[in-house]
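In: With the input below, show me the fold.
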Amino acid sequence: MLSAKVKQRSLLVIRLLLGTLFLLSGVGKLISAGDARYLVELMATEVYWLIEYTDLIVYGTSVVELILAGFLLWGRELPWAFGGSILLLLGFTSVLGYFWLQGQSVESCGCFGAFGGGGGLEVTLIRNLVLIGMVIGGYLLGPANRKE
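Out: Residues are numbered from 1 along each chain as shown. Got it, this is the predicted structure:
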């Protein structure tokens, strides 16, 4: 069994890593949203009405990421922050997984906007699965779930 101190430090590391990633992702897309916009437009070839809301989707996602980053870095409302994080990551992963299953080639997901960090669908899917695991771990280590 892990000690309370190890759990607390593990939660801190998870919070800081996820919060920093969401901060970079949100700010990066606000600076340069071209690749993210392209991904929404690509999805609009299947779900036609999305094309009308491309900017709203991209900038709305950036704002949500920044809000999640704030809560994670601040260490407040963690159950909500982890819940929002997993929903966001599952949404991204399902869209990227759809493209991967269709055999489409996407060079960059636009996840970090101006900060780059693409790597193609496979790399992004693996990264998202690791992040989902971190979110679940953070939720389980969170104050609401501690039994000490």
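
In: only C-alpha atoms for contact and neighbour calcs from this point on.
Out: OK.

In: on contacts alone, who are the packing partners of the lowest-mean-pLDDT helix or strand in the chain?
Out: Lowest on mean pLDDT, DSSP states H and E among the helices and strands of the chain sits helix 34-43, with a mean of 82. If you count contacts as 3 or more C-alpha pairs under 8 Å, 6 or more residues apart in numbering; DSSP states H and E, helix 34-43 packs onto helix 54-74.

In: Next, the angle helix 54-74 makes with the least confident helix or strand of the chain.
Out: 120 degrees (axes from the mean of the first three to the mean of the last three C-alpha atoms, to 10 degrees).

In: Check which residues of helix 34-43 are buried.
Out: Asp35, Ala36, Arg37, Tyr38, Leu39, Val40, Glu41, Leu42, Met43 (16 or more other C-alpha atoms under 10 Å).

In: Let me know the closest of these to Ser85.
Out: The nearest member of the buried residues of helix 34-43 to Ser85, counting by C-alpha to C-alpha, is Ala36 at 18.1 Å.

In: Thanks again, I'm all set now.
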